[in-house]
Each structure stands twice: as structure tokens, then as C-alpha cells.
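Enquirer: can't give you the sequence, but here's the structure:
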């Protein structure tokens, strides 16, 4: 039988479950490996571009991502394993790089999840088999290319309006990598499925135009929708931060670094034993 894409998918799912579980039970694990703009761009902890893709907010988030990964990876089971693993990895990194770029002025932007990688797999399948039919949410009949165009449009809407706590940037970045990698690996799709690829590129190119020539659209509230102020931290459950705050009887802190600065400003000699233990604990989590 050999090492197939299906086996590789199952291994990735297992690694996601193990790594995410560690994040569920250990706050320090989540803090050490999640994606945060400041940690990547300033502290140069580039490993977070990959490690964050194996963390999830909760069991529902994890199970949904893994189910979608397995369901849609079936479309590319015939591909070489090396291509599938490269597709998964580059889609994950590409999604986080787009999130890094679009949120480069928001150092507290935080995210976890395999959605970027999963979207790379989904859109590789949509590029290869655009007319494939499936049931969305088990009961809504859908054609792959229609789903792809609607999903891309929804992701771009989510980025520009910021009305929810979903990492749309990673979704869009992973989708773009999935399309591009499939074209590179199998250029014949440009002839057989060029029409579908063209339709998928319409919202992507439209978003590219906004980023390059109308970036104010990403900053100014939409004319059609009122933008809600983003929660802090953005795109990751507050459960990640709240336990960190609850351990302190002092002021609330927006980040680990802010709490460390507060303790250092007091002076090490002036800290209580409890505060010294807290400083040691926080320093070990960085």
C-alpha cells in the first residue's frame, strides 16, 4: 500500500489532536506556540508561522477543521504525498504571512488554527475538480466552483469588515496558495478548468486592488456595514488570555509583555514572593 496521501492526512490529524490538546491543558503551551504579530515580526519567532497551525481554540474548532481536512483531501488522494505535505505546509505559512502583512500595524493580533492549511487543500481540490458536487453542512447541494467563489467573497468581506473573531486572512492566504500550487504542479488545469480558475481569481484580484490602491478601505468602516470594534486578542478565544489575568489580584493586562513590564518597573527587590514567582513563570512562557 505504501505511504499515501490518506495516511499522511491521518497522521496530520493525529498531530493536530495531540498538539492542540497540550494547548487546552497548558496555558504556557498555547502562549508559546500561537501566532502573534509582535512575536513573529519583532521577536522573530518564525516557528510560530507553523506551530500555530497545530493549535486550536477548543474541541469544536479542532474537530471541524480535521473533518473538513479529511473530507476534502479525498479529492487529491491521487497526488504524490510530497505534494500534499508541501501544499499543506505552504498553505499554512502563506495564510499566516498574509495575516502578518495585513495586521502589521496591530502587534497584538493573535491567531491559532489549521484553517489556512485546510483551505489550501480545499482550493487545490476546487482547482482540480471545479464541477464536483457535494453537500455543504450535509444537506445543502453545492458545486465546488460556486462554493469556492462564495467562500473567497465571504473571506474578503470578513477581512474588510472585521465583524467576527475569525481569521479570514489566513483562510484567504491558504486558498491562494492552494490555487497557485495546483497550477504549478498540474498546468493542464489552465486549459481544462481555466474558466473556474478565472472566476475564483475575480474576488482575489479585487482584494489585491484594495490592498495596493485603496488600503483605506481596510481601515475605514464600510459604507454598507458598520464595523464593530475588534475584540482583544483578535481571532483567538478570550479563554487563552483570561486565565492569565485571573492569576493576578492587580490590574488587568492586555499581554504577557505588559505584565512583565509592570513587574519590572516595580523593581525586583520590591516584589512580593508571589510576584517574583509570577515573573519567573511569565519569563518562562516567552
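Expert: Right, received. Where do you want to start? These numbers were taken from a predicted model, which means no experiment stands behind them.
Enquirer: low pLDDT regions in the chain?
Expert: Screening the chain residue by residue with the criterion pLDDT under 70, one finds the ranges 1, 219-256, 263-271, 279-286.
Enquirer: residue contacts, residue 193?
Expert: For residue 193, the contact set (Cβ atoms under 8 Å, 6 or more residues apart in numbering) comprises 127, 128, 130. For glycine as for every other residue, the C-beta is placed from the backbone atoms N, C-alpha and C.
Enquirer: what about the helices in the stretch 101-250 of the chain?
Expert: Defined through DSSP state H, counting those that start in this stretch, the helices belonging to the stretch 101-250 of the chain, from first to last, are 115-128, 144-161, 168-185, 189-192, 194-213, 242-246.
Enquirer: among the contacts of residue 193, which one has the most neighbours?
Expert: Among the contacts of residue 193, residue 127 has the most neighbours (other Cβ atoms under 10 Å), with 28 neighbours.
Enquirer: from residue 197, how far off is it?
Expert: If you measure residue 127 against residue 197 using Cβ to Cβ, to the nearest Å, the figure is 6 Å.
Enquirer: what do you get for residue 99?
Expert: Using Cβ to Cβ, residue 99 is found at 24 Å from residue 197.
Enquirer: tell me which of these two has more neighbours.
Expert: With other Cβ under 10 Å as the criterion, residue 99 and residue 197 differ in neighbour count, and residue 99 comes out ahead with 30 against 19.
Enquirer: how about the more buried one, what does it touch?
Expert: Taking Cβ under 8 Å, 6+ apart as the criterion, residue 99 is in contact with 35, 37, 109, 111, 167, 169, 170, 173.
Enquirer: quick check, nearest of those to residue 52?
Expert: Among those, residue 35 lies closest to residue 52 (Cβ to Cβ), at 3.6 Å.
Enquirer: just give me the neighbour total for the residue nearest to the closest one when sequence neighbours are not counted.
Expert: With Cβ to Cβ, 6 or more residues apart in numbering as the criterion, residue 35 has its nearest non-adjacent residue at 3.6 Å, and that residue is residue 52. By other Cβ under 10 Å, the residues close to residue 52 number 30.
Enquirer: surely residue 52 touches residue 114?
Expert: No: under the criterion of Cβ atoms under 8 Å, residue 52 lies out of contact with residue 114, with a separation of 9.1 Å.
Enquirer: isn't residue 79 right up against residue 8?
Expert: No: the pair formed by residue 79 and residue 8 falls short of the contact definition of Cβ under 8 Å, at 10.2 Å.
Enquirer: what is in contact with those two at once?
Expert: Common neighbours of residue 79 and residue 8 are not found (criterion: Cβ under 8 Å, 6+ apart).
Enquirer: backbone phi and psi for residue 163, please?
Expert: The phi and psi torsions at residue 163 (degrees, to the nearest 10) take the values phi -90, psi 0.
Enquirer: ugh, wrong one, I meant residue 188
Expert: Residue torsions, per degrees, to the nearest 10, at residue 188 are phi -60, psi -20.
Enquirer: separation between it and residue 131?
Expert: The gap separating residue 188 from residue 131 is 16 Å, by Cβ to Cβ.
Enquirer: also residue 101?
Expert: Applying Cβ to Cβ to residue 101 and residue 131 gives a distance of 33 Å.
Enquirer: so where does residue 45 fall, helix or strand?
Expert: Taking DSSP states H and E as the criterion, residue 45 maps to no regular element, lying outside all helices and strands.
Enquirer: which ones are touching it?
Expert: Contacts for residue 45 were tallied using Cβ under 8 Å, 6+ apart; they are residue 39.
Enquirer: follow-up on the earlier one: please say which of residue 188 and residue 131 ends up with more neighbours.
Expert: Using other Cβ under 10 Å as the criterion, residue 188 and residue 131 rank with residue 131 on top: 11 against 8.
Enquirer: who are the contact partners of the more buried one?
Expert: 143, 144, 145, 196.
Enquirer: and the residue nearest to the first one when sequence neighbours are not counted, what is it in contact with?
Expert: This points to residue 143. In space, not counting the residues next to it along the chain, residue 143 is nearest to residue 133; the distance is 5.7 Å by Cβ to Cβ, 6+ apart. Taking Cβ under 8 Å, 6+ apart, we find residue 133 in contact with 141, 142, 143, 144.
Enquirer: from residue 209, how far off is the nearest residue to the last one once chain neighbours are set aside?
Expert: For residue 144, the nearest residue in space outside its immediate sequence neighbours is residue 132; the separation is 4.4 Å by Cβ to Cβ, 6+ apart. Taking Cβ to Cβ as the measure, residue 132 and residue 209 are separated by 30 Å.
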